[in-house]
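Novice: Model the following, please.
(4 chains)
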Protein chains: 2
Amino acid sequence: MATRTRRAERREEPLSRERIVEVAVELLDAAGEGGLTFRALAERLATGPGAIYWHVANKSELLDAATDAVVAGALAARDARSPKSPRDGIRAVALGLYDAIEAHPWLAVQLATQLSRSPWQPVTLRIFESVGRQVGALGVPENSWFTATSALLHYILGAAGQNAANAVSGRALGPGSSRAQFLDDASKTWEALDPDDYPFTRAVAAQMRDHDDREQFLAGVALILTGMTAPPSPA
Amino acid sequence: MATRTRRAERREEPLSRERIVEVAVELLDAAGEGGLTFRALAERLATGPGAIYWHVANKSELLDAATDAVVAGALAARDARSPKSPRDGIRAVALGLYDAIEAHPWLAVQLATQLSRSPWQPVTLRIFESVGRQVGALGVPENSWFTATSALLHYILGAAGQNAANAVSGRALGPGSSRAQFLDDASKTWEALDPDDYPFTRAVAAQMRDHDDREQFLAGVALILTGMTAPPSPA
DNA sequence: GCCTGATTGGAACAACGTTCCATCGCGGAC
DNA sequence: GTCCGCGATGGAACGTTGTTCCAATCAGGC
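Specialist: The predicted model follows:
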């Protein structure tokens, strides 16, 4: 309130693309996909919706930027540690993405959308490269690098996204041990399915109750690693 | 114009949930995610937006129903043929979903969204069961059914979605051989990346130019099958 | 022949993404 | 020191969306 002007006084910290993206991530974290609104964004930044458009072309670019920022952070955090073996490297990248998705559940949908709307955007490429480098180091024959990396990548994103959903659902019901309750309920639902239509799902209901998310996730990664390094299957 | 009433005369074919979902799928196919609008839907059905809400709770339920209808159709088409071997069965299910996603590109995002918003909805369960049944028949040890099926499922959905995006991009540029052009461009883009930041991506650029979508997709499936049937990796 | 409840469809509302434009403030030209 | 120009701002306004509301309609039992 130092100087009085006809308009609201100018912000001390000027608007910037980074600041906008930062707040966008906060909004997404707080209220999910639908929580990111140009009006909410403007309010948090103490400005009007119009000002934001000077720094960002539209909402979809903003979402991309938010995704990029979070993913870059997650991958950089893992790249810092130099892994002992390529296997550890892959596990590190996978868990990095897993944690990022768990911390920012909207990431899963966003990455999937971006992947299937126009693959090989900056974000996707970054992840692809990060995973692929470790795959190469693992001694996988070069002619199956593309296939192997794709398989790993899709598993990581899909499984992480799904586990994140489980985690969030669990959290929503209450803190602490409610996760067990949640898994138990889901498991019971599976067991109550029609035996003719869902024999398999019923059979794994117990497995699903007792599983540990992270362990399960890493088991999947290990399974794919086995597939990449084993000699091609006899068929 | 047979009978004159103050309102428009009543439809000959009454509104029904199935009819609404059917038209919804048409709209999604024609114009993608954003093409599905309650107003567009109402116009095609020669009614008002309000009437639709008598049969469908809201847009998200409508999207779920559309997804469910398409997926159920795709899986049923494949289930009809009884495969010779579990491997063939898995390939059949995978290709069924692959084709469905290619025919309805919006499916990829929709399935991913549903999977990571609340997993184990009817649609997801249907796919899980369909894939899992074949996994069980393959002789995979029961204690890794859940992991193996998840890995396969996530790969199928992710890879199919991405390939569908490629196909659509290729189609958008023009018919026929423009696909080669598209792949060539993408490949050149990769080769032009910074050698320090993207060594791996540059290395597979050539592979990516020459690959066949379907073949590549099946190679990924085969890789995961190898991983599920091989003895656990030594690590 | 009405009367009741299921169904219809058009109008209205709030919220959204986006555009527009009057306004501001800083930095260089004079 | 003054002025001007342009990057930047923010509030108002527009069109479209999902959704709600309700008067109007139909079909079938009484």
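Novice: going forward, measure contacts and count neighbours with C-alpha atoms only.
Specialist: Noted.
Novice: Which helix or strand lies directly C-terminal to the host helix or strand of A:Ile20?
Specialist: Using DSSP states H and E, A:Ile20 sits in helix A:17-31. Downstream of helix A:17-31, the first helix or strand assigned by DSSP H and E is helix A:38-44.
Novice: Name the residues of the next helix or strand after that next one that come out as buried.
Specialist: Downstream of helix A:38-44, the first helix or strand assigned by DSSP H and E is helix A:49-52. Within helix A:49-52, the residues scored as buried using 16 or more other CA atoms under 10 Å in any protein chain shown are A:Pro49, A:Ile52.
Novice: tell me what helix A:49-52 is packed against?
Specialist: If you count contacts as 3 or more CA pairs under 8 Å, 6 or more residues apart in numbering or on different chains; DSSP states H and E, helix A:49-52 packs onto helix A:38-44.
Novice: What's the mean pLDDT across the helix it packs on?
Specialist: Average pLDDT, helix A:38-44: 97.
Novice: Any buried residues in it, and which?
Specialist: Neighbour counts over helix A:38-44 (16+ other CA under 10 Å) mark A:Phe38, A:Ala40, A:Leu41, A:Ala42 as buried.
Novice: can you put those in a markdown table and add distance to A:Arg214?
Specialist: Listed next are the buried residues of helix A:38-44 as a markdown table, based on distance: CA to CA, whole Å:
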| residue | distance to A:Arg214 |
| --- | --- |
| A:Phe38 | 36 |
| A:Ala40 | 35 |
| A:Leu41 | 34 |
| A:Ala42 | 38 |
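Novice: Which of the residues you listed sits closest to chain B?
Specialist: When the buried residues of helix A:38-44 are compared for distance to chain B (CA to the nearest CA), A:Phe38 wins out at 19.1 Å.
Novice: ok, that closest one touching A:Ala51?
Specialist: No: using CA atoms under 8 Å, A:Phe38 is not in contact with A:Ala51, being 10.0 Å away.
Novice: about what we covered before: if we check DNA strand D, which of the buried residues of helix A:38-44 are in contact?
Specialist: When contact is defined as CA under 7 Å from any atom of the strand, those do not meet DNA strand D at all.
Novice: shaky segments in chain A?
Specialist: Applying pLDDT under 70 to chain A flags residues A:1-12, A:80, A:174-176, A:231-235.
Novice: Give the phi and psi angles for the residue of it found nearest chain B, as a check.
Specialist: With CA to the nearest CA, the shortest gap between chain A and chain B falls at A:Gly227, namely 3.6 Å. The phi/psi pair for A:Gly227 (degrees, to the nearest 10) reads phi -60, psi -40.
Novice: Distance of it relative to DNA strand D?
Specialist: 43 Å (CA to the nearest atom of the strand, to the nearest Å).
Novice: repeat for A:Ala172
Specialist: 21 Å.
Novice: And A:Ala51, by the same measure?
Specialist: In this view, A:Ala51 and DNA strand D are 3 Å apart by CA to the nearest atom of the strand.
Novice: Next one: the residue nearest the centre of chain A from DNA strand C, what distance?
Specialist: Chain A has A:Ile101 as the residue nearest its centroid, 3.1 Å off, counting by CA atoms, centre = their mean. In this view, A:Ile101 and DNA strand C are 21 Å apart by CA to the nearest atom of the strand.
Novice: Which parts of chain A are helices?
Specialist: Counting by DSSP state H, the segments of chain A that form helices are A:17-31, A:38-44, A:49-52, A:59-80, A:86-103, A:106-117, A:122-137, A:145-172, A:178-191, A:199-203, A:205-210, A:213-229.
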